[in-house]
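Chemist: Could you work out the structure for the sequence below:
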Amino acid sequence: MKIQLKFKIINICALSLIVAACTSKEQRDLEAAQVAVEKSDFKLAIDYLDKVILRSPGEDSSIKASREAARISFFELKDFKKAVEYNKQLILSSKDPEERKLAQKQIADIYFNQLNDYSMAIIEINKLLVMLSDQNEVAKYRMDVARAYYYQNNFDQAENEVDEFLRQTKDENQKFELTMLKGNIALAQKNILRAIEIYKGVLASYPIRAQKENLSLTLAVCYEEAKDYRNAIQTLEGIKRNHPMPEYIDVRIKRLQDRLKNAPGAHGMRK
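Modeler: The predicted structure follows:
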């Protein structure tokens, strides 16, 4: 019995030493990564962090390493694809739902804003939407979905997203942005007359915000595209006084007046 007990004690001690050695090695790698960061040797830091992640998946040390590797990849190395990978590791390993949600936000934002991979952005945003409870955040990401379809030239789907959201939202800022996007969709589809009607509606409903966005200038361009030079000139005359570069507006008006005079069947501007 004494011999068996002795062997048990030896085995427990040996196991404790192995665990301590592993823990110590992971801690050393984390500390070495921190030293590398302090020296701005970010690639070396990633090498140390990768060792921890591979050695102890799902453990606290691995989660800590994934968190730091995601930060370094995004902010220091600008390696956005690697940042996506490390954030995916966090989603799989972290026990904190807020951290998992933050990692999913980072992935969605990287695909949308950094990689301009709008197909993947739509997929990742849709994953994120089921994790969100804040309605302002939901609105922000739903608008990103509509914009992602727009940037892919999938105008029909983009407009479907806009229309569905417009039916649901009561927020005036969101309505402004969505209606502007709807006008931009019409313009991208070369449906100039429809774009004009949408932009005119925006100007009537949101005059202050529309002025900040220089919407009247866009509307004048639409009128010019439609060869409606009189309305283009009238629109530019309306903004010239408050424009920071009135001489630029004068040049455009003069050009439009010349085009009006030279238009087929024209006899100069009506007084």
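
Chemist: When you work out contacts or count neighbours from here on, use the C-alpha atoms and nothing else.
Modeler: Noted.

Chemist: Now do the helix or strand A45 falls within: which elements does it pack against?
Modeler: Assigned by DSSP states H and E, A45 belongs to helix 42-55. Other helices and strands packing on helix 42-55, by 3 or more Cα pairs under 8 Å, 6 or more residues apart in numbering; DSSP states H and E, are helix 2-38, helix 60-71.

Chemist: List the buried residues in stretch 225-243.
Modeler: 229-230, 232-233, 235-236, 239-240 (16 or more other Cα atoms under 10 Å).

Chemist: which one of these sits closest to A83?
Modeler: I239 (45.8 Å; Cα to Cα).

Chemist: Could you export the buried residues of stretch 225-243 as TSV, including distance to R255, secondary structure and pLDDT?
Modeler: Converted to TSV, these look like this (distance: Cα to Cα, whole Å; DSSP: H, G, I helix; E, B strand; the rest coil; pLDDT from 0 to 100):
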residue	distance to R255	secondary structure	pLDDT
Y229	10	helix	97
R230	12	helix	96
A232	11	helix	97
I233	10	helix	97
T235	14	helix	97
L236	12	helix	97
I239	16	helix	93
K240	15	helix	92
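
Chemist: ok, which stretches of the chain are helices?
Modeler: For the chain, the helices defined by DSSP state H occupy 2-38, 42-55, 60-71, 80-93, 97-109, 118-129, 135-151, 155-168, 172-188, 192-205, 207-212, 215-225, 229-240, 246-262.

Chemist: Which residue, other than its chain neighbours, is closest to S216?
Modeler: T235 (6.6 Å; Cα to Cα, 6 or more residues apart in numbering).

Chemist: Who are the contact partners of the one you found?
Modeler: By Cα atoms under 8 Å, 6 or more residues apart in numbering, T235 lies in contact with 216-217, 219-220.

Chemist: For V52, report the pLDDT, please.
Modeler: Looking at V52, its pLDDT stands at 95.

Chemist: How much space separates it from S94?
Modeler: The gap separating V52 from S94 is 15 Å, by Cα to Cα, to the nearest Å.

Chemist: same question, T218
Modeler: 48 Å.

Chemist: What of Y223?
Modeler: 55 Å.

Chemist: ok, now R71?
Modeler: R71 is 15 Å from S94, by Cα to Cα.

Chemist: higher neighbour count, these two?
Modeler: S94 (22 against 16; other Cα atoms under 10 Å).

Chemist: Contacts only, for that one.
Modeler: Neighbours of S94 in contact, by Cα under 8 Å, 6+ apart: 58, 63, 100.

Chemist: Just want the phi and psi numbers for it.
Modeler: phi -70, psi 140 (degrees, to the nearest 10).
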